[in-house]
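Engineer: below are the sequence and a predicted model; questions follow.
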Amino acid sequence: MEIEILDAKNSKPIGKCTVQAQTSVRELKVSVHHLKKSLNPHRQSLRLESRGKTLKDTDTIESLSLRDGAKLYCKDLGPQISWKGVFLAEYAGPLFVYLLFYQRPSFIYGDIIRPVSLTANIAAACWSIHYAKRLLETLFVHRFSHATMPLRNLFKNCIYYWGFAAYVAYHVNHPLFTEPCRGCMLAAVTGFMISELGNFSIHVNLRNLRPAGSTVRKIPVPDSNPLTKLFNFVSCPNYTYEFTSWLFFSIATQCIPAYLFTAAGMYQMTVWAIGKHKNYKKEFKDYPKGRKAILPFII
Ligand SMILES: NC(=O)c1ccc[n+]([C@@H]2O[C@H](COP(=O)([O-])OP(=O)(O)OC[C@H]3O[C@@H](n4cnc5c(N)ncnc54)[C@H](OP(=O)(O)O)[C@@H]3O)[C@@H](O)[C@H]2O)c1
């Protein structure tokens, strides 16, 4: 049978594809690519309606109840870049930028000479541990369901991460930086390290939910690692730990730009966590009641 493909923007026909009942959306995208060379399968969003939901790659003509002559809309998502590429750029940048300021180059700070404080040394270690961990997780832990994302996100995300790295690093590494109380700083750094361990534990737990090479989604539950118990209270404990990491970093450095970075990250992650929490409840009828999105008992 034949399926007609229309442009989701203006409903103009792109062409017709011959399909079987078992043809998947992924295979259909390859046929659309043959009809229009600029529409690489990764930049297509196929929908039943022009402004409808994107169909899953695993959906089939049969599962969608499409008949001969049915119409599907194709939205061009624009140029794409691999998720791994985006994450590597996002995380390598802040590491490089922060360590540049840590070297206290005279073109940034002039000729003020003062020894680097213990807090600034420990803060540089914490920052490096966090971003080195994110780089390694991107390469060896995460199993992403989408291979690519729109190229414009790369610019947006890099401006956010690189910009905040420079803003925080400029202040913490400033020769006139005033150290907070040593006991508070060391207690906060301990909190930071536990949060980083928690964040890593959740990422490993999420990886183990998904068999290699698949896009399977399951209800996440705690495993034998006690830091994953947070799944009993929230849907996105990795975001909770990311928030507490930066909160402890801010307390350790008592630096206002670090608090602003924490607040901006928390705002973004709360928006995402609320969306993910809603999706879990919609997708899984037996989703545990009583879980919140990101902050236990609150949000
Ligand atoms: N500081 C900040 O502003 C900020 C903001 C956002 C994120 N982050 C950091 O970046 C980390 C990753 O962020 P993210 O938004 O990619 O986290 P995420 O959506 O929780 O995803 C992490 C990984 O787990 C997979 N996954 C999620 N839920 C799953 C499920 N139910 N079943 C199977 N696999 C599942 C995801 O695959 P999919 O490809 O299917 O999603 C992805 O590979 C965060 O934990 C945080 O540390 C920082």
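Structural biologist: In hand now; what should we look at? Numbering: from 1, shown residues only.

Engineer: so which bits of the chain are right by the ligand?
Structural biologist: With CB under 6 Å from any ligand atom as the criterion, the chain meets the ligand at residues 142-146, 199, 206, 209-210, 217-218, 220, 236, 238-239, 242, 265, 268-269, 272. (C-beta placed from N, C-alpha, C; glycine too.)

Engineer: now the buried members of these.
Structural biologist: With burial judged by 16 or more other CB atoms under 10 Å, the buried subset of these is H142, N199, L206, R210, P220, C236, N238, Y239, E242, G265, M269.

Engineer: isn't R210 right up against H142?
Structural biologist: No: counting by CB atoms under 8 Å, R210 stays clear of H142, with 9.4 Å between them.

Engineer: residues touching the residue in the stretch 51-200 of the chain positioned nearest to the ligand, list them.
Structural biologist: Residue nearest to the ligand within the stretch 51-200 of the chain (CB to the nearest ligand atom): S145, separated by 3.2 Å. Residues counted as contacts of S145 (CB atoms under 8 Å, 6 or more residues apart in numbering) are R210, T215, R217.

Engineer: point out the least confident one among those.
Structural biologist: Ranked by pLDDT, the contacts of S145 bottom out at T215, which has 86.

Engineer: wait, isn't it in contact with L209?
Structural biologist: No: contact criterion CB under 8 Å: T215 and L209 do not qualify, at 11.3 Å.

Engineer: which stretches of the stretch 101-250 of the chain form helices?
Structural biologist: Here the stretch 101-250 of the chain has its helices, by DSSP state H, counting those that start in this stretch, at 106-109, 118-140, 151-172, 182-209, 237-253.

Engineer: for the second one, which outside residues touch it?
Structural biologist: Counting by CB under 8 Å, 6+ apart, helix 118-140 makes contact with 84, 87-88, 91-92, 94-95, 98-99, 102, 165, 168-169, 172-173, 177, 179-180, 182, 185, 189, 192-193, 196, 199-200, 203, 245, 249, 252-253, all of which sit outside it.

Engineer: switch to 6 Å and redo it
Structural biologist: 84, 87, 91, 94-95, 98, 102, 172-173, 179, 185, 189, 192, 203, 249, 253 (CB atoms under 6 Å, 6 or more residues apart in numbering).

Engineer: give the buried residues for it.
Structural biologist: 119-120, 122-124, 126-127, 130-131, 133-135, 137-138.

Engineer: now tabulate those in CSV and tack on pLDDT and distance to L46.
Structural biologist: Below are these laid out as CSV (pLDDT from 0 to 100; distance: CB to CB, whole Å):
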residue, pLDDT, distance to L46
T119, 98, 53
A120, 98, 52
I122, 98, 51
A123, 98, 47
A124, 98, 47
C126, 98, 44
W127, 98, 42
H130, 98, 38
Y131, 97, 36
K133, 98, 36
R134, 96, 32
L135, 95, 33
E137, 96, 31
T138, 91, 28
